[in-house]
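**Student:** Sequence below, structure please.
(one chain, ligands or ions: 1)
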Amino acid sequence: MNRLHPLLKEPVQPADWREGLDRPQALLDYVSEDPEPLMDLAHRPIVSARQFDRAKLFQLCRLAAHYETTPALMQLPLTGKILINAFYEPSTRTRLSFESAWHRLGGDVMSITDPATTGIAKGESLADVAEMFNHYGDVVVLRDSNEQAVYEMLNSLRIPILNAGNGIDEHPTQALADLFALFKWRPELMDDEPKGQGIRIGIIGVPNRMRTVRSLLILLSLIAPAISEVVIICDVEQPFDGDQREELEEKGLRLRASKSLNNELPQLDVVYINSIAWVGDTYEKLGEELRLSAHSPLKDSAIILHPLARGEELATDLDDTEHNWYFAQARGAVYIRMALLTSVVHRVHRVIDTPEQQA
Ligand code: CP
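**Tutor:** Below you'll find the predicted structure:
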């Protein structure tokens, strides 16, 4: 380019309202601090969204909001600790937000982004790799397209492992990021006895093929009283596994399936969309014809969530609208992972505790 690019003539754009501190501060003010539920997570593997209850979910989101509103921490609780970030499948957000979270807490990171650079290429078992991890780090974050891999490692691990996506099974930390975004949007979703009819959520996706949707539904079932209905929008005849739907309905979630996106959109308060399922060494595209754009018949107040990476299902003309909560959702993933890592590796204390009280 033989002329100065126009973008180089202006300072970078300041953060907009979705990145401001008012919303995490409001969430922080809405929930009373109680470290007990998080102390229960100390030194535990985190593999499934089923491991969370309301108290743990709310306190994790509270701690995440504390981190979001306190960018410069006075103490770095993970100084001297090492995270092993083992990603045997591509990732932008999960790997980098875990690394960002760990660095912001003062720790060091070792990353594996290609299993072919480890003994796995020579036939080494996951159990033996896990045995080595015990000596090299303090916690493992694993993404693997084989849903059993995390369980194979668990047998040999004496340090906690966090599931960053295991095949089409679960992605619990993504679901935590989803709920953190929802609570910043409407803290009253955490009320024991919500007022009014509750919000209507549309999920454009396939619960038995997408790990993000599977884990999200499990966490949504914890706030079932605040949700009038979850509409699963897809063109698959059987979107649920065997007892998946029954499990969610037993917890109080009201579920309905629909194939007609534009008929549902005008009634939805939250629209969650995903069209990718990672299977084996590649991904399937599901429901790509179910697309959102600035011309979709959305409620004015509706927010859109997407775990990303996006494809053609989510038009970029939505990025500059107030429906766009997907970038804020991805940003919040750093803080919710900070909260989870602190709880699992460090053991939380009251935020106001002095180091002497914590000793
Ligand atoms: N949301 C999510 O899992 O994105 P990545 O695949 O980029 O980690």
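**Student:** could you measure the closest residue to the ligand within the stretch 151-300 of the chain against residue 341, distance?
**Tutor:** The minimum distance from the stretch 151-300 of the chain to the ligand, using Cβ to the nearest ligand atom, falls at residue 174 (5.0 Å). (Each C-beta comes from the backbone N, C-alpha and C, glycine too.) When Cβ to Cβ, to the nearest Å is applied, the distance between residue 174 and residue 341 equals 15 Å.
**Student:** Surely residue 184 is in a helix?
**Tutor:** Yes. If the criterion is DSSP: H, G, I helix; E, B strand; the rest coil, then residue 184 is within a helix.
**Student:** Quick check: chain neighbours aside, which residue is closest to it?
**Tutor:** The spatially closest residue to residue 184, leaving aside those adjacent along the chain, is residue 23, at 4.2 Å (Cβ to Cβ, 6 or more residues apart in numbering).
**Student:** Work out for me the element the one you found sits within.
**Tutor:** Residue 23 belongs to helix 22-30 when elements are defined using DSSP states H and E.
**Student:** residues in the stretch 101-250 of the chain within reach of the ligand, list them.
**Tutor:** Taking Cβ under 6 Å from any ligand atom as the criterion, the stretch 101-250 of the chain approaches the ligand at residues 165, 171, 174.
**Student:** Figure out the helix or strand that the first one lives in.
**Tutor:** Element membership for residue 165 (DSSP H and E) is strand 161-166.
**Student:** next one: the last one
**Tutor:** Counting by DSSP H and E, the secondary-structure element that holds residue 174 is helix 172-185.
**Student:** average pLDDT for the helix or strand just after that helix?
**Tutor:** Proceeding N to C from helix 172-185, the next assigned helix or strand is strand 199-204, under DSSP H and E. Throughout strand 199-204, pLDDT has a mean value of 98.
**Student:** Which other helices and strands does strand 199-204 contact?
**Tutor:** Counting contacts by 3 or more Cβ pairs under 8 Å, 6 or more residues apart in numbering; DSSP states H and E, the secondary-structure elements packed against strand 199-204 are helix 211-220, strand 227-233, strand 270-273.
**Student:** contact partners of the last one?
**Tutor:** Spelled out, it's strand 270-273. 178, 182, 185, 199-205, 213, 216, 265, 290, 292, 298, 302-306, 313-314, 323 (Cβ atoms under 8 Å, 6 or more residues apart in numbering).
**Student:** mind listing what it pairs with, with the direction of each?
**Tutor:** Applying DSSP bridges to the sheet, strand 270-273 is found paired with strand 199-204 (parallel), strand 303-305 (parallel).
**Student:** Out of these, flag the one nearest residue 242.
**Tutor:** With Cβ to Cβ as the measure, strand 199-204 is the member of the strands paired with strand 270-273 nearest residue 242 (19.1 Å).
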